[in-house]
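S.K.: Provided below for reference: sequence and predicted model.
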Amino acid sequence: MTDKPKATFTYEEFTDTDKTLQTLNERLHRSVMSDSMRSLKESGDIRESISKYLLQCKKDGILDYTDKEWLDICIDYEHPNTKSKEVVIFEGKRYRRRFKPAYTSRSGKSVYRWSKSWDLLDTH
């Protein structure tokens, strides 16, 4: 599971991906420029759509995973049920599970979505 896959895609797949991302980014820009509560919700939905689309492109092999993304996937595969701040050992190194707010309310008091990652503890 530790060998990172290489993206393999056709020109048509790349062009379709680029057009879809361009359309989503244009919608996001219009939504952000309009300063209403409805547009805030819409911009969050568009950001989520972009994230899901990019993730699907990576799963389909159209785009490459970054090294950090691939490491997170590998550790998640080995340790699927870890809690926040739990420390695990992966390939001889210690990592801590971390959760951060990915999407919050305008005031920042409510968290609607969390992102998760792994932090390397051993630095030597």
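M.R.: Ah, there it is.
S.K.: Name the nearest residue to Ser84, sequence neighbours excluded.
M.R.: Nearest residue to Ser84 in three dimensions, chain neighbours excluded: Phe99, at 5.0 Å (Cβ to Cβ, 6 or more residues apart in numbering). In this view, the C-beta of every residue, glycine as well, is placed from N, C-alpha and C.
S.K.: Show me the beta-bridge partners of the one you found.
M.R.: Beta bridges link Phe99 to Lys116 when assigned by DSSP bridges.
S.K.: Arg94 too?
M.R.: Bridge pairing for Arg94 (DSSP bridges) gives the partners Ile89.
S.K.: For it, give its distance to Ile73.
M.R.: Per Cβ to Cβ, to the nearest Å, Arg94 is found 18 Å from Ile73.
S.K.: ok, these two, which is more surrounded?
M.R.: Neighbours were counted for Arg94 and for Ile73 using other Cβ atoms under 10 Å; Ile73 has more, 15 against 12.
S.K.: mind pulling up the phi and psi values for the more buried one?
M.R.: Here is the backbone geometry of Ile73 (degrees, to the nearest 10): phi -60, psi -40.
S.K.: what residues are up against it?
M.R.: By Cβ atoms under 8 Å, 6 or more residues apart in numbering, Ile73 lies in contact with Tyr65.
S.K.: Can you give me the pLDDT of it?
M.R.: Ile73 carries a pLDDT value of 90.
S.K.: same question, Arg98
M.R.: Per-residue confidence (pLDDT) for Arg98: 93.
S.K.: got a list of what it touches?
M.R.: 84-85, 116-119.
S.K.: let's see it at 6 Å
M.R.: In this structure, Arg98 makes contact with 117, 119, judged by Cβ atoms under 6 Å, 6 or more residues apart in numbering.
S.K.: Tell me how far it lies from Ser105.
M.R.: From Arg98 to Ser105 the distance is 21 Å (Cβ to Cβ).
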